[in-house]
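K.L.:
Provided below for reference: sequence and predicted model.
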Amino acid sequence: PQPTPVPSPQPTAQPTPATTPQPTPQPTPRPTPMPTLPSDATKEICVETTESKKVHYEVMNSASQNPYFVSERITPLNVYSCTQLSILGKVDGTVLEIPIFVNKKEVSRHIFTYYKHGSVLRSSCSKTKCVKK
């Protein structure tokens, strides 16, 4: 007699794994841009004298005649005397005026807006005028 064939075992069907949804990609965060400063944004004032004259400057609010700051007399020739305007404790956006005096006579006045990230205002003075550089 012939042996009875033994059926081969059928593989057990594996359950189909559930697909995990992919997370929605988030946009790459970008650094916050610095705000655009006005063209007159200034953080520091520097004044030099090109002649041996008595030169000094003041920092004041346009609405007041009382200066916030009065510089010492600038004596070395062709050397800038600088003041960081942050020492005044003003907030960004404060409008300031800088009158510059030669021999106690005002020869120039700069009006600008204080910003801690502003630029440096440079002025060079001769005996009768001061020029922004």
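P.N.:
Cool, got the structure.
K.L.:
Please look at Lys43 and Val120 and confirm they touch.
P.N.:
Yes: shown here, Lys43 and Val120 form a contact pair, counting by Cβ atoms under 8 Å, at 6.9 Å. To be clear about C-beta, it is placed using only N, CA and C from the backbone, and glycine gets the same treatment.
K.L.:
which of the two has more neighbours?
P.N.:
More crowded of Lys43 and Val120, by other Cβ atoms under 10 Å: Lys43, with 18 against 14.
K.L.:
Surely Val95 touches Asn61?
P.N.:
Yes: contact criterion Cβ under 8 Å: Val95 and Asn61 qualify, at 7.4 Å.
K.L.:
how much space between Gln22 and Leu37?
P.N.:
Separation of Gln22 from Leu37 (Cβ to Cβ, to the nearest Å): 43 Å.
K.L.:
which one of the two has more residues nearby?
P.N.:
Leu37 (16 against 6).
K.L.:
which phi and psi does the residue nearest to the spatial centre of the chain have?
P.N.:
With distances taken as Cα atoms, centre = their mean, His117 lies nearest the centre of the chain, 2.3 Å away. The phi/psi pair for His117 (degrees, to the nearest 10) reads phi -110, psi 20.
K.L.:
my guess is it contacts Pro38, does it?
P.N.:
No: checked against Cβ under 8 Å, the pair His117 and Pro38 is beyond contact range at 11.4 Å.
K.L.:
So, low pLDDT: which residues of the protein?
P.N.:
Where the chain drops to pLDDT under 70, the residues are 1-18, 34.
K.L.:
Would you map the strands across it?
P.N.:
Assigned by DSSP state E, the strands in the chain fall at 41-49, 55-61, 69-70, 81-84, 94-102, 105-114, 119-125, 130-132.
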